[in-house]
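After the sequence you'll find the predicted model.
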Amino acid sequence: SDNNERVAPRLERRKRVISREDLLKQAEKLMDELGTSTSRALLEIQYENEVGTGLGPTLEFYALVSRELQRADLDLWRGEAIKLPQDKGGEDGVLYMFSSSGLFPAPLGRHTKSAAVSKIKSKFRFMGKIMAKAIMDSRMLDIPLSLVFYKWLLRQEHTLTPADLQYIDPTLAKSFSQLEEVLRHKKRIETDRSHTPESRQLAIESLSVDGCSIEDLGLDFVLPGYPGIELKKGGKDTAVTLYNLEEYLKLVIHWTLVEGVYRQFEALREGFESVFSLAFLNLFYPEELEQLFCGTDKDSWDIKQLMECCRPDHGYTHDSRAVKSLFEILSSYKQDERRRFLQFVTGSPRLPVGGLRSLNPPLTIVRKTFEPNENPDSFLPSVMTCVNYLKLPDYSSGEVMKSKLDLAAREGQRSFHLS
């Protein structure tokens, strides 16, 4: 081309003003409207009664919806229901699901009421849409998902094995492994020709888990942790013994990895496909998808990295005392503190793949100015999330700076009142 005209078309932006009340319901309506393969417009969020708009509120929207999807009262996930600290964005009395190995759908039984199944499938269909929309718009989610979840998303459920239990429920995986070991011993004894029928029977009956026989474990053909889900007809009344242990273990695996969750994943993939093809994800391994969808929130920061990735400007340089103090404070942050700071400065508690180096625009630290008679120690830092600007007063000491940063990051969440 002989001129400098733009070759690529500008993406259309669809701005939507939403309330912070009942956010999940509004998000579902938005995805029904914009989360389709025919809609290529970038979603931009503004909140009612807040003037802030652009990247920060939009990133926060995806983070808040991610949190809402983890609510325990939705009955979507396996794991432990916990209360989040207020500084993590938890609401009074609301419980959220947690699993050390990442979230995985709670199983549905054969006889789960159709209304309940429909409600849960609707949530997973919506989740598929917002995951696809986040990828399309280069936004990040903030929901820790199990590796097996991503295998299902990539249509790799046929590759799942008992070893995958560790990525769903480590406690169940440990118990399962112990029972598998008993079964292996039993099979070795049965094929050991040195045994007489009597000695073989004695050897088999002596098998135990931590000194306890299989029969004394009190197991029946019910999915562990889900007393309402029978592994087979009459399962509640069928005790697990050494002689049906193999059947029991096969059914536990089948129900945990496949039978109990296939309806949720079908809905999830249907929602995703309505926005764009899952085939595009085949470029990635399941292990890579968490970073693709959620970026990273586990990077540790050191002063050298901060100096390379952050840009002082408008009154500050890398040699400024305030900037050096800031880098010392940030390098000392633990994961929760880093997440809170990132949420404050960028609108999202996570960084894109590549960490701070990939933040665009880069984190920029500018000097907050005051009248000659005003004391910087009396003011809090402020931010411009749309360009990742931190407006930092030149505080009298590092201790004052840390205190003010912590206060601003804790209190300056979930509102965009400055344009």
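Cool, got the structure. Residues are numbered from 1 along each chain as shown.

where's S348 relative to K129, distance?
Counting by C-beta to C-beta, to the nearest Å, the separation of S348 from K129 is 19 Å. Just so you know, the C-beta spots here come from the backbone N, C-alpha and C atoms, and that holds for glycine as well.

Can you list the residue ranges for helices in the stretch 201-350 of the chain?
Assigned helices in the stretch 201-350 of the chain, in chain order: 245-254, 262-273, 286-294, 303-309, 321-331, 335-346 (criterion: DSSP state H, counting those that start in this stretch).

got those as CSV, with distance to F221, mean neighbour count and mean pLDDT columns?
Formatted as CSV, the helices of the stretch 201-350 of the chain follow (distance: least, C-beta to C-beta, whole Å; neighbours: other C-beta atoms under 10 Å; pLDDT from 0 to 100):
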stretch, distance to F221, mean neighbour count, mean pLDDT
helix 245-254, 6, 17, 97
helix 262-273, 20, 20, 97
helix 286-294, 31, 18, 93
helix 303-309, 54, 15, 93
helix 321-331, 54, 18, 95
helix 335-346, 41, 21, 91
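
between the ones you listed, which one is nearest to K368?
Among the helices of the stretch 201-350 of the chain, the nearest to K368 by C-beta to C-beta is helix 321-331 (9.7 Å).

other SSEs contacting the closest one?
Under the contact criterion of 3 or more C-beta pairs under 8 Å, 6 or more residues apart in numbering; DSSP states H and E, helix 321-331 touches helix 303-309, strand 364-367, helix 398-411.

Please identify the most buried of the ones you listed.
Comparing those by mean neighbour count (mean count of other C-beta atoms under 10 Å), strand 364-367 comes out on top with a mean of 20.

tell me how far that one is from the chain's mean position?
Distance of strand 364-367 from the chain centroid (C-alpha atoms, centre = their mean, to the nearest Å) equals 31 Å.

Return the residue of the protein that is most distant from the centre.
T196 (55.4 Å; C-alpha atoms, centre = their mean).

Redo the helices of the stretch 201-350 of the chain as TSV? Include distance to Q201.
As requested, the helices of the stretch 201-350 of the chain are arranged in TSV below (distance: least, C-beta to C-beta, whole Å):
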stretch	distance to Q201
helix 245-254	16
helix 262-273	40
helix 286-294	45
helix 303-309	65
helix 321-331	65
helix 335-346	55
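
Minimum distance to E371: which of the ones you listed has it?
Nearest of the helices of the stretch 201-350 of the chain to E371, taken as C-beta to C-beta: helix 321-331 at 18.4 Å.

Would you mind getting the angle between the closest one and helix 398-411?
60 degrees (axes from the mean of the first three to the mean of the last three C-alpha atoms, to 10 degrees).

what is the orientation angle of helix 321-331 with helix 335-346?
130 degrees.

Give me the mean pLDDT for stretch 221-229.
Stretch 221-229 shows a mean pLDDT of 95.

got the contact list for that stretch?
The contact list for stretch 221-229, computed with C-beta atoms under 8 Å, 6 or more residues apart in numbering, reads 78, 106-107, 109-110, 169, 172, 175, 230-232, 234-236, 238, 240, 248, 251-252, 255-256, 260.

Would you write a PyMOL line that selects the buried entries of the residues you listed?
Remark: buried members of the contacts of stretch 221-229, expressed as a PyMOL selection using 16 or more other C-beta atoms under 10 Å:
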select buried, resi 78+106+107+109+169+172+175+230+231+235+238+240+248+251+252+255+256+260
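
follow-up on the earlier one: could the helices and strands packed on helix 321-331 be laid out in JSON lines, adding distance to F265?
Formatted as JSON lines, the helices and strands packed on helix 321-331 follow (distance: least, C-beta to C-beta, whole Å):
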{"stretch": "helix 303-309", "distance to F265": "38"}
{"stretch": "strand 364-367", "distance to F265": "42"}
{"stretch": "helix 398-411", "distance to F265": "37"}
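
of those, which approaches L69 most closely?
helix 398-411 (23.8 Å).

Against which helices or strands is the closest one packed?
Packing partners of helix 398-411 (3+ C-beta pairs under 8 Å, 6+ apart): helix 321-331, helix 335-346.

where in the stretch 301-419 of the chain is pLDDT low?
412-419 (pLDDT under 70).

actually the stretch 1-150 of the chain, not the one I wrote
Looking at the stretch 1-150 of the chain by pLDDT under 70, you get 1-11, 35-39, 85-92.
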